[in-house]
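Undergrad: Dropping the sequence and predicted coords here.
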Amino acid sequence: MTTTNHLKSEDEVNQLFTRVAPHYDKLNNVISLGTQKCWRKKLLAGLEFRPGIKALDICCGTGDLTIAMAKRLPQGRVTGVDFNTAMLKIAKRKAKTIPNLILINGDAMNLPLDDDSFDIVTIGFGLRNVPDADKALTEIYRVLKPGGQLGVLEMSQPTNPFIKLGWKMYFKTFPYLAKLAGGKVTDYQYLQQTSQQFVSAKQLAKMIENTGFKFVTYTPLNFGAAALHFGIKE
């Protein structure tokens with residue numbers, strides 16, 4: 001078991017996301033210094049989309065990544081899963097004109113989905129908030145079809161000492177910058193801490209391999225502040 005989030009209980013995290021839901025899209029822009037849209041495009045560019053396939057986005061939040069996938073798959077089917085109903089409510093409002101997208105309430109560590117049922121599974125900015133990332137990865141492996149693709153977008157740890165120092169200084173001011181998006185400073189401090197304390201890109205790649213995925217690769221983003229990971233279920 002890899003306890004990736006030991007700062008709050010599941011109920012506390014759920015309550016936090018209920019509070020930040022109205023401001024979450026703005027908050028993501030602050031966290032990523034305005035580059036999260038580009039990061040999502042790079043994640044989707046690293047996956048192979050074929051007509052008629054089924055894709056799943058876990059910890060879908062307000063639905064930006066889920067919606068982008070659905071637009072890539074007009075002849076396919078995309079499912080978004082999130083455990084927070086306030087975030088899902090916003091996602092449903094944003095996706096109401098997209099016919100090939102369904103959104104459901106569910107836990108990343110216990111997905112209410114069948115084995116071997118998806119061709120692609122993505123998770124963006126979600127693993128660091130899951131109490132047991134290994135369990136979530138095992139669930140992803142379970143619901144992927146053999147040959148299915150995994151794509152992960154997550155915050156990471158810069159390895160260059162100068163970049164690491166700059167990133168650390170940024171995170172000290174982050175809660176107060178993020179407050180401009182609305183909400184409580186203490187909520188943003190939690191999101192800051194989960195970003196800083198999450199595993200490195202290399203460590204996450206090893207976790208993905210240990211789950212059983214093959215051909216695992218990763219690409220640092222913003223000098224290592226975030227990373228993309230890809231893998232295949234054989």
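TA: Sure, I can see it.

Undergrad: just the CA coordinates of the longest strand along the chain, formatted as CSV?
TA: When the chain is parsed with DSSP state E, its longest strand is strand 144-155. The C-alpha trace of strand 144-155 is given here as CSV (Å, rounded to 0.1, in the frame of the first residue of the first chain):
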residue,chain,number,x,y,z
LEU,A,144,-8.9,-1.8,-18.7
LYS,A,145,-9.1,-4.3,-21.5
PRO,A,146,-6.0,-6.2,-22.4
GLY,A,147,-4.0,-3.9,-24.6
GLY,A,148,-5.7,-0.9,-23.0
GLN,A,149,-3.9,2.4,-22.5
LEU,A,150,-3.3,4.3,-19.2
GLY,A,151,-2.6,8.0,-19.2
VAL,A,152,-1.8,9.9,-16.0
LEU,A,153,-1.4,13.7,-15.5
GLU,A,154,-0.2,14.6,-12.0
MET,A,155,1.9,17.1,-10.0
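
Undergrad: Provide a list of residue ranges in the protein with pLDDT below threshold.
TA: For the chain, the stretches flagged by pLDDT under 70 are 1-8, 31-32, 174-175, 177-179, 181-183.

Undergrad: Please, where are all the helices along it?
TA: Along the chain, the stretches classed as helices by DSSP state H are 10-20, 24-31, 36-45, 64-72, 85-94, 133-143, 161-178, 185-197, 201-211.

Undergrad: Please convert these to TSV, extending it with distance to Leu56 and mean neighbour count.
TA: No exception for glycine: its C-beta is placed from N, CA and C like everyone else's. Converted to TSV, these look like this (distance: least, Cβ to Cβ, whole Å; neighbours: other Cβ atoms under 10 Å):
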stretch	distance to Leu56	mean neighbour count
helix 10-20	20	16
helix 24-31	20	20
helix 36-45	14	17
helix 64-72	9	21
helix 85-94	14	18
helix 133-143	7	21
helix 161-178	29	14
helix 185-197	23	18
helix 201-211	16	18
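
Undergrad: mind checking which of those helices is nearest Met109?
TA: helix 133-143 (4.4 Å; Cβ to Cβ).

Undergrad: same for the closest one, what does it pack against?
TA: strand 54-58, strand 118-124, helix 201-211 (3 or more Cβ pairs under 8 Å, 6 or more residues apart in numbering; DSSP states H and E).
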